[in-house]
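# Curious how this folds, go ahead:
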Amino acid sequence: MPEGYQSVHPVEKGKFVMKSEGSSFAAYLLPSTLPSMPSDLSQFRMCNVEEVKKNLMDIHSQAELQDLCDKLGVRPEQRTKKASVAQCLADELVREMDLSKAIEHARALESAGKLQQAAAAFGAALTLQGDVLLQGLSALCFVKLSLQQNLPGKLGGKEPEELLEQALLEAREAPARSRSLEGQLLQALSEVLFAKVNKDAAAIDRAIEARQQAREMIIEGTVEGLGWKLSKAEEFAAAAAKNEADHKWLDKEVLLQRLQKLGARAEDADYINELFEAWHHVGATGEEELSVHEFLQRFLEIARKLPAKQSKQCGAPCEGGLPPGSAPLEKELVRLVSRDGKGNWSAKAAEIRDSFPEETGRSLEALWESLAPKIKQIVDKDEPMACGHSCSTCPTKHECQVHDAIKDIEDL
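All right, here's what the predicted structure looks like:
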């Protein structure tokens, strides 16, 4: 494959660009409104094989496609038919586009207000292989955006409700379920079925059932996402049961402040607010209110029914947001802190003495103090780690001590 190969061709929707850099070979569709060629084409990358194939067929003759295959090192099985050669090239052009990048691309279009393009990008992402939860997210966003833009919302011959039902089934069978996603899929399914013009009794029944299940699943997902340790929640619930003040109805802000005094973190606020909206009462003055005692009891009622998180779902040691190229000692120290918390530095030094014989408790403490500010920045941004998880999505977040170590705030 030649270094820096690039071709640009005007097409109906803009400019069709093929570009190679090193071993990367991709296709892009640039809007005709762009004043010049941007240096970063990533947001315009195409991930739908059929669309890429159509552009190749429209632009090039068979001989040109074969020549392009030779230049780029692509070897089609069938070189006698133009469609076969174009198909092979199209497959190669989208081959390296993984599902997470395709979703990122679609989200960028959505954020830019290009909703029809975003819907198409989510549809294209749905055709890619990958994590079933990401596929479920693609199906959800594709259907919702399509219907918002008065588009059919069909893909691969399947109606919107069929896409959602399939995504829901696969999400339920995922090794690590996301109840929040399942709830959103159920809610979207209910909306799609109720909106059908020629719905029958079975569709109405399924819509009602999906709506009820959605509410329950979304609440379970919020409890799960809050990630409070069950033992700590039980401890505070027991204390609240004995405290008369914690039986009084409070508005949302006061309830949040009280829970934060008990140990809730700032990033828990959105989850707490969502649960307040689901559980609050309307007081005598018309205000929405809920007591700390009832909040914690409702939380525990659901949390106790949820399966315990299995740390085996992520085999990578916690890296705490260390930047690429961090030293082995730094990685090992973060692993120990994530497991045991900070402190007891002499014991940590003893544990790693075989690999790092010169380290002492004081040297490890000093190293941690220098690393902590960097780690805090990454953790606060909730950015993906090398294992693919962020702190909020990590399956082992319930056992991880990094948050405590960098914030000195006890986690519920």
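# Just give the nearest non-adjacent residue to residue 121, would you?
residue 106 (3.6 Å; CB to CB, 6 or more residues apart in numbering). (C-beta placed from N, C-alpha, C; glycine too.)
# Quick check: phi and psi on the one you found?
Backbone geometry at residue 106, expressed as degrees, to the nearest 10, gives phi -60, psi -40.
# That one contacts residue 126, doesn't it?
No: judged on CB atoms under 8 Å, residue 106 makes no contact with residue 126 at a distance of 9.8 Å.
# who touches both of these two?
Between them, residue 106 and residue 126 share the neighbouring residues residue 138, with contact defined by CB atoms under 8 Å, 6 or more residues apart in numbering.
# Give me the number of neighbouring residues for residue 362.
Neighbours of residue 362 under the rule other CB atoms under 10 Å: 11.
# swap that for residue 296, please
As a burial measure, the neighbour count of residue 296 was computed by other CB under 10 Å and equals 25.
# Could you do residue 206 as well?
Other residues within reach of residue 206 by the criterion other CB under 10 Å amount to 18.
# That one: what's its closest spatial neighbour, skipping adjacent residues?
Nearest non-adjacent residue to residue 206, counting by CB to CB, 6+ apart: residue 193, 5.8 Å away.
# ditto for residue 110
Among residues not flanking residue 110 along the chain, residue 118 sits closest, at 3.9 Å (CB to CB, 6+ apart).
# still on that earlier bit, please name the residues that touch the residue nearest to residue 121.
If you count contacts by CB under 8 Å, 6+ apart, residue 106 has them with 118, 121-122, 124-125, 138, 141.
# will you turn these into CSV that also has neighbour count?
Formatted as CSV, the contacts of residue 106 follow (neighbours: other CB atoms under 10 Å):
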residue, neighbour count
118, 23
121, 29
122, 27
124, 24
125, 29
138, 26
141, 23
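# ok, the residue positioned nearest the centre of the chain to residue 107 distance?
The structure's the chain has its C-alpha centroid closest to residue 134; by CA atoms, centre = their mean the separation is 7.1 Å. Separation of residue 134 from residue 107 (CB to CB, to the nearest Å) stands at 12 Å.
# So which residues of the stretch 201-350 of the chain form strands?
Counting by DSSP state E, counting those that start in this stretch, one finds strands in the stretch 201-350 of the chain at the ranges 281-282, 288-289.
# hmm, back to that, mind checking which of the contacts of residue 106 are in helices?
Counted as lying in helices by DSSP state H, out of those, are 118, 121-122, 124-125, 138, 141.
# Out of these, the closest to residue 261 would be?
Closest to residue 261 out of these is residue 141 (37.9 Å), distances taken as CB to CB.
# Surely the closest one and residue 122 touch.
Yes: counting by CB under 8 Å, residue 141 does reach residue 122; the two are 4.3 Å apart.
# Which neighbours do these two have in common?
With contacts defined as CB under 8 Å, 6+ apart, the residues adjacent to both residue 141 and residue 122 are 103, 106.
# which residues pair with residue 290 across the strands?
Under DSSP bridges, the beta-bridge partners of residue 290 are residue 250.
# scratch that, residue 28
Applying DSSP bridges to residue 28 yields these beta-bridge partners: residue 17, residue 45.
# pretty sure it contacts residue 47?
No: with contacts defined as CB under 8 Å, residue 28 does not count as touching residue 47, sitting 10.5 Å away.
# Which one's more surrounded, these two?
Each of residue 28 and residue 47 had its neighbours counted (other CB under 10 Å), and the higher figure belongs to residue 47 (25 against 22).
# can you tell me how far that one sits from residue 297?
Distance check for residue 47 against residue 297: by CB to CB, it reads 47 Å.
# domain assignment for the chain?
When the chain is parsed into structural domains using automatic domain parsing, the resulting residue ranges are 6-95, 99-224, 227-303, 314-407.
# Please indicate which of those has the most neighbours on average?
With neighbours taken as mean count of other CB atoms under 10 Å, the domains of the chain reach their highest mean count in domain 99-224, at a mean of 19.
# which residues in the stretch 151-300 of the chain form helices?
160-172, 179-195, 201-226, 230-242, 252-262, 269-279, 292-303 (DSSP state H, counting those that start in this stretch).
# To residue 368, which of those helices lies closest?
Proximity of the helices of the stretch 151-300 of the chain to residue 368 was assessed by CB to CB; the nearest stretch is helix 230-242, lying at 24.2 Å.
# which of the ones in helices among the contacts of residue 106 lies closest to residue 247?
For the ones in helices among the contacts of residue 106, the residue nearest residue 247 by CB to CB is residue 141; the value is 42.4 Å.
# Pull the contacting residues for the closest one.
For residue 141, the set of contacting residues under the criterion of CB under 8 Å, 6+ apart consists of 103, 106, 110, 118-119, 122.
# Can you check the pLDDT for it?
Among the per-residue scores, residue 141 shows a pLDDT of 93.
# gap between it and residue 327?
Counting by CB to CB, the gap from residue 141 to residue 327 is 40 Å.
# again with residue 100
Counting by CB to CB - residue 100 and residue 327 are separated by 28 Å.
# Residue 217 now?
Taking CB to CB, one finds residue 217 at 44 Å from residue 327.
# Then residue 201?
For residue 201, the distance to residue 327 under the criterion CB to CB works out to 66 Å.
# what do you get for residue 119?
When CB to CB is applied, the distance between residue 119 and residue 327 equals 45 Å.
# before we move on, what about residue 62?
55 Å.
# what's the answer for residue 137, then?
With the distance defined as CB to CB, residue 137 ends up 36 Å from residue 327.
# rewinding a little: show me the contacts for the residue nearest to residue 206.
Listed by CB under 8 Å, 6+ apart, the contact partners of residue 193 are 161, 199, 203-204, 206-207, 210.
# Residue 351 now?
When contacts are taken as CB under 8 Å, 6+ apart, residue 351 is in contact with residue 336.
# could we number from 50 for the rest of this?
Got it, first residue is 50 now, which makes that one residue 400.
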